[in-house]
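**Student:** Build me a model from this:
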Amino acid sequence: MTRQVISSPNAPAAIGPYSQAVASGDWLFLSGQIPLDPATGELVSGDIEVETRRVLDNLSFVLQAAGASFADLVKTTIYLTNLGDFAAVNRVYAERFGDSPPARATVQVAALPKGARVEIDGIARIPNEKAS
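**Tutor:** Predicted coordinates for the structure are as follows:
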């Protein structure tokens, strides 16, 4: 089984010793994304919905770099610093996934990098024609 580091210039660069994603066979393991603007490396400003949209945009760019999309995500984990944001994050999440969302866990954490309020990671299955 092959192992390939996946990265997208359209998503924020890693802020530590990790890859944006790693493909192993036809599985893609996406590192957590926080609401960083890829151009500036800074957190986007706005409410939790703005932040969640940026996180999902960042994940989308990494998925695209691997030849995958949201339709290929099989599992995500959402990390929130305040579970009071759960409903707002769900609204944005539902916009992206509609009637066929992946399996998911949501947990509250004490803190996230750079003071972010939301982080999402995931596991996807790369479509057969794109898998290495």
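
**Student:** Would you mark the buried spots in stretch 85-95?
**Tutor:** By neighbour count with 16 or more other CB atoms under 10 Å, stretch 85-95 contains the buried residues 85, 88-89, 92-93. Heads up, the C-betas are built off the backbone N, CA and C, glycines and all.

**Student:** okay, those in a markdown table with secondary structure next?
**Tutor:** Output for the buried residues of stretch 85-95, formatted as a markdown table (DSSP: H, G, I helix; E, B strand; the rest coil):
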| residue | secondary structure |
| --- | --- |
| Asp85 | helix |
| Ala88 | helix |
| Val89 | helix |
| Val92 | helix |
| Tyr93 | helix |
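
**Student:** give me phi/psi at the most centrally placed residue in the chain?
**Tutor:** For the chain, the residue nearest the mean C-alpha position is Leu59 (3.7 Å; CA atoms, centre = their mean). Backbone torsions of Leu59, given as degrees, to the nearest 10, read phi -60, psi -40.

**Student:** Going forward, the N-terminal residue is numbered 555.
**Tutor:** I'll keep to 555 as the first residue from here, and by that count the last item is Leu613.

**Student:** who are the neighbours in contact with it?
**Tutor:** Counting by CB atoms under 8 Å, 6 or more residues apart in numbering, Leu613 touches 565, 584, 587, 624, 674, 676.

**Student:** part of a helix, is the first one?
**Tutor:** In this case it means Ala565. No: applying three-state DSSP, one finds Ala565 to be coil, outside a helix.

**Student:** And it, its phi and psi?
**Tutor:** Here Ala565 shows phi and psi, under degrees, to the nearest 10, equal to phi -110, psi 160.

**Student:** so it makes contact with Val609?
**Tutor:** No: between Ala565 and Val609 there is no contact under CB atoms under 8 Å: 10.3 Å.

**Student:** and for those two, which residues touch both?
**Tutor:** Joint contacts of Ala565 and Val609 (CB under 8 Å, 6+ apart) are Gln587.

**Student:** From the contacts of Leu613, which land in helices?
**Tutor:** Judged by DSSP state H, helices contain none of the contacts of Leu613.

**Student:** what pairs with Phe583 across the strands?
**Tutor:** Counting by DSSP bridges, Phe583 is bridged to Val576, Ile677.
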